[in-house]
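> Structure here, sequence nowhere to be found:
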């Protein structure tokens, strides 16, 4: 699967589950619920030491039915570990040039966290597939996306945090390209996660321009 195809799939789904789990079993349960609800893109965070094992397990278990990537990737060594485990994209809370180079080498989409406009533009110059608006998206809300896209309307933006059932439609109205969602897609029972995933997808289909 090439970088352009992965990037397109992330955009088309428009919703990314941000997952932190202790066991493969819980990861499989979350993934199954998300897929059944229409969300087939999952970020497995390297805040947990077992992240590479979970990525490998989900990639083997679900194959092309899921797009699994790595999150909280702070350096190129971690990026390579994740890619070798089967990660199809790399997400980070920071922008790191060495990680960008590693991802370009393996043709893996990279979405670094950026807080300033200068940082965002530099990330794009280094080949970032998406700019992760972090941590400011959670504070400024959906309208911040429109502000960022005014001078650069084609900037691909991944939001992280601040998404609720009450405001999810606003993110798509303001033309976010993908929303990163934590609790709604990782907490509770499998049935609750599936219901939340379906709700988010319905908002995407109704409000995305």
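Structure's in. What do you need? Just so we're clear, the structure is a prediction, and the values are computed from it rather than from any experiment.

> Please tell me I have it right and residue 13 contacts residue 178.
Yes - contact criterion C-beta atoms under 8 Å: residue 13 and residue 178 qualify, at 7.3 Å. All C-beta spots, glycine's among them, are computed from the backbone N, C-alpha and C.

> Between these two, which contacts overlap?
Common contacts of residue 13 and residue 178, defined by C-beta atoms under 8 Å, 6 or more residues apart in numbering, comprise residue 41.

> More neighbours: the two, which one.
Neighbour totals were compared for residue 13 and residue 178, and residue 178 leads with 24 against 18 (other C-beta atoms under 10 Å).

> For that one, which non-adjacent residue is closest in space?
residue 158 (4.7 Å; C-beta to C-beta, 6 or more residues apart in numbering).

> Which helix runs longest in this protein?
helix 190-207 (DSSP state H).

> Pull the number of nearby residues for the nearest residue to residue 142 once chain neighbours are set aside.
Counting by C-beta to C-beta, 6+ apart, the nearest residue to residue 142 once its immediate chain neighbours are dropped is residue 170, at 3.9 Å. If you count neighbours by other C-beta under 10 Å, residue 170 ends up with 17.

> who touches residue 170 in this structure?
Counting by C-beta under 8 Å, 6+ apart, residue 170 makes contact with 141, 142, 143.

> Now tabulate those residues in TSV and tack on neighbour count, pLDDT and distance to residue 107.
TSV is the format used below for the contacts of residue 170 (neighbours: other C-beta atoms under 10 Å; pLDDT from 0 to 100; distance: C-beta to C-beta, whole Å):
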residue	neighbour count	pLDDT	distance to residue 107
141	15	86	34
142	21	90	31
143	11	90	34
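
> In helices, which of these appear?
Those of these lying in helices (DSSP H): residue 143.

> remind me which residues of this protein are low pLDDT?
Across the chain, the ranges flagged by pLDDT under 70 are 1, 136-138.

> And the longest helix of the chain, how far out from the chain middle?
Here helix 190-207 is found 16 Å from its chain centre; the criterion is C-alpha atoms, centre = their mean, to the nearest Å.

> can you check stretch 90-102 too?
14 Å.

> Need the contact partners of that stretch.
Residues from elsewhere that reach stretch 90-102 (C-beta under 8 Å, 6+ apart): 43, 69-76, 79-80, 82-83, 103, 108-114, 119, 122-123, 126-128, 132, 134-135, 158, 180.

> Buried subset of those residues as a PyMOL selection?
One line in PyMOL is enough to select the buried ones among these; burial here means 16 or more other C-beta atoms under 10 Å:
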select buried, resi 43+69+70+71+72+73+76+79+80+82+83+103+108+109+110+111+112+113+114+122+123+126+128+132+134+158+180
